[in-house]
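Engineer: 3D model of this:
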Amino acid sequence: MEYNTQENLTINDFILTSSSEVDETVRGVGALAGEALLIHISSYIHNTVLVQNLKTQLEKKVPHAKLVLLKSDDKTKTYVSVFSLDNSVAREDMSDEVLKRLELDYKAQKEVLRRCKHDLLSRYFTDNLTHLPNIYQLRKDLQENDEAGLVVLNIDNFKTINNFYGFNVGDFVIENVALMLFRHLKETQMYRLSVDEFAFILEKSMSFYELKDFLTQLYEKIKNMMVEYQGSKIFIDFTLASSSSAKNENLFSKVSMALKYAKEKSLPFWIYEDRMHFENEYEKNLKLSNTVRHAIETMKIVPYFQSIIDNKTLKITKFECLARLIDEKDNVISPHLFLPVARRIKADNFVTKIIIDKSFKVFEKNDFEFSINLSIEDILSSEIFEYIIKKLQNYPDAHRITFELLESEAIQDFSKVESFINEVKRYGAKIAIDDFGSGYSNFSYLTKMSVDYIKIDGSLITQIEIDKNALLVVATIVEFAKKLGIKTIAEYVHSSTIMDKVKELGIDYSQGFYIDEPTIDFEKIKK
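Structural biologist: Coordinates of the predicted model:
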């Protein structure tokens, strides 16, 4: 390969991969014009047959040339660079001309490197789709402006849009949203933070009420934003968030917490304030996550047992197995606290399996019936379903087991719930609907499901003595259950007067602190 670097200097390059190419390379070098020649031979090892043969032949072919051996990092190829000057340049000026060439090359390469570096940095700080600055640029800009305020805008329904219309339309929507936001916020620098999230910086942080007015006005401007695509009108729903914290430390985190809160509460926007102490809640959840993981590893998830009595004989006939967590300081943690965390860290299946295993083991040694609570997530989980069926297949007294299902509006796929119920009942297990009467009771479920027990929610039982409406609801549930041949259990029976009322209503069983508190010591309560 030949190229001119200046009018009087020419460089020719040759590449050799084997000794068979030496003769052809030597002929090529010998054919070059000019008396002043400088030859560089670059190779990983100099004492090879190829290099030594090449050097010897070149010295014979062009004895007037200056030959230099250089080190190369390439282990497979040998490079020959021939610098030749025309006759207008004296031979003794060869080195000066080569140095000029190398300097020009260095400057050119340095400029290319500078441009590449600039391009890479620009890409690192720029969103490829919208060409807006990205989250890394935002963090950099926030570090450089201690007084800045921050507003984040999240597209609530972008996932639905993307799934329904496809990624190409999703990109089209994002590009158009970016343009429309830019028109509404001309004097601010917009950023794209993630797939469905934008932000902009306020030059100075505002007071709470200034910020509230500002966000209210902004939300009114953008709440009906619409993107049209091939005749389809795609409406965009936003949630906004900002911060009026006294200090701008961790501003991005504070606004993110406010956004999460606004989305959870379905609010148009939320403003972080120091008095909210969101950080404490996050810290608490992180610590509890570690506690749950440790409890699972050390088998400190345990069943507590609460007795259930027959209202006619007043004898204990059943026990409910209630999940509890024992932390490193031997504190007992309620499932209302740790189960949502276990679900969030995808450890709830482990918790369910541990309670099933330990409960089955305890009741192998006696004749009592016992019940285990299952969430809708447990029932819909193929892993838990298969685990329960396997346990029932290997348990000799499956008829003593009751699975309590939480009565909830979360029952959307009724066919799967029905399939679970039918399958466990094949092995003799029973089904109870737990917390019936709490918020979203659906009597139609009872006519569809093969239920053995209804556990009437404690929020009703505790009020039957003083609230006529609660009493009426409970009486209706009991009457309805009797007609369907379903036994009833009163929860939260906490006093003798409630107990008397429960028996008067014809409820079959009772459970609560008046009878017995949950305890880990099964041997004690069964006596």
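
Engineer: what are the phi and psi angles of residue 44?
Structural biologist: Phi and psi for residue 44, reported as degrees, to the nearest 10, are phi -70, psi -40.

Engineer: got it, and residue 188?
Structural biologist: The phi/psi pair for residue 188 (degrees, to the nearest 10) is phi -120, psi 160.

Engineer: Can you get me a residue count around it?
Structural biologist: 15 (other C-beta atoms under 10 Å). In this view, the C-beta of every residue, glycine as well, is placed from N, C-alpha and C.

Engineer: ditto for the one 4 residues further on
Structural biologist: Residue 192 is flanked by 25 other residues according to other C-beta under 10 Å.

Engineer: helix or strand for it, which one?
Structural biologist: Per DSSP states H and E, residue 192 falls inside strand 190-194.

Engineer: Identify the residues contacting that strand?
Structural biologist: Contacts with strand 190-194, where a contact means C-beta atoms under 8 Å, 6 or more residues apart in numbering, come from 127, 129-130, 132-135, 137-138, 152, 174, 178, 181-182, 198-201.

Engineer: I'd assumed residue 338 was in contact with residue 326.
Structural biologist: No: look at residue 326 against residue 338 with C-beta atoms under 8 Å: they stay out of range, at 10.6 Å.

Engineer: Common neighbours of the two, please.
Structural biologist: residue 295.

Engineer: Tell me which of these two has more neighbours.
Structural biologist: Neighbour comparison, residue 326 and residue 338: the larger count goes to residue 338, with 23 against 17 (by other C-beta under 10 Å).

Engineer: Verify the contact between that one and residue 288 for me.
Structural biologist: Yes: here residue 338 reaches residue 288: they are 6.5 Å apart, a contact under C-beta under 8 Å.

Engineer: filter the contacts of strand 190-194 to the buried ones?
Structural biologist: 127, 130, 132-135, 137-138, 152, 174, 178, 181-182, 198-201 (16 or more other C-beta atoms under 10 Å).

Engineer: Tell me which of these fall in strands.
Structural biologist: The strands, defined by DSSP state E, take in 152, 198-201 from the buried ones among the contacts of strand 190-194.

Engineer: so can I have JSON lines of those showing pLDDT?
Structural biologist: Shown next, in JSON lines, are these (pLDDT from 0 to 100):
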{"residue": "152", "pLDDT": "94"}
{"residue": "198", "pLDDT": "95"}
{"residue": "199", "pLDDT": "93"}
{"residue": "200", "pLDDT": "92"}
{"residue": "201", "pLDDT": "90"}
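
Engineer: Looking at the residues you listed, which one is closest to residue 321?
Structural biologist: When those are compared for distance to residue 321 (C-beta to C-beta), residue 152 wins out at 44.8 Å.

Engineer: what does stretch 68-77 contact?
Structural biologist: For stretch 68-77, using C-beta under 8 Å, 6+ apart, the contacting residues are 15-17, 38-44, 46, 51, 55, 78-79.

Engineer: Only the buried subset of those, as a ChimeraX command please.
Structural biologist: Command for ChimeraX that selects the buried part of those, burial taken from 16+ other C-beta under 10 Å:
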select :16,38,39,40,41,42,43,51,55,78
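
Engineer: Farthest pair within the contacts of stretch 68-77?
Structural biologist: 17 and 38 (23.4 Å).

Engineer: which outside residues touch the helix or strand hosting residue 255?
Structural biologist: Assessed by DSSP H and E, residue 255 sits inside helix 251-264. With contacts defined as C-beta under 8 Å, 6+ apart, helix 251-264 is touched by 138-139, 142, 148-152, 154, 156, 199, 239-243, 245, 267-272, 278-279, 282.

Engineer: Great, nothing more from me.
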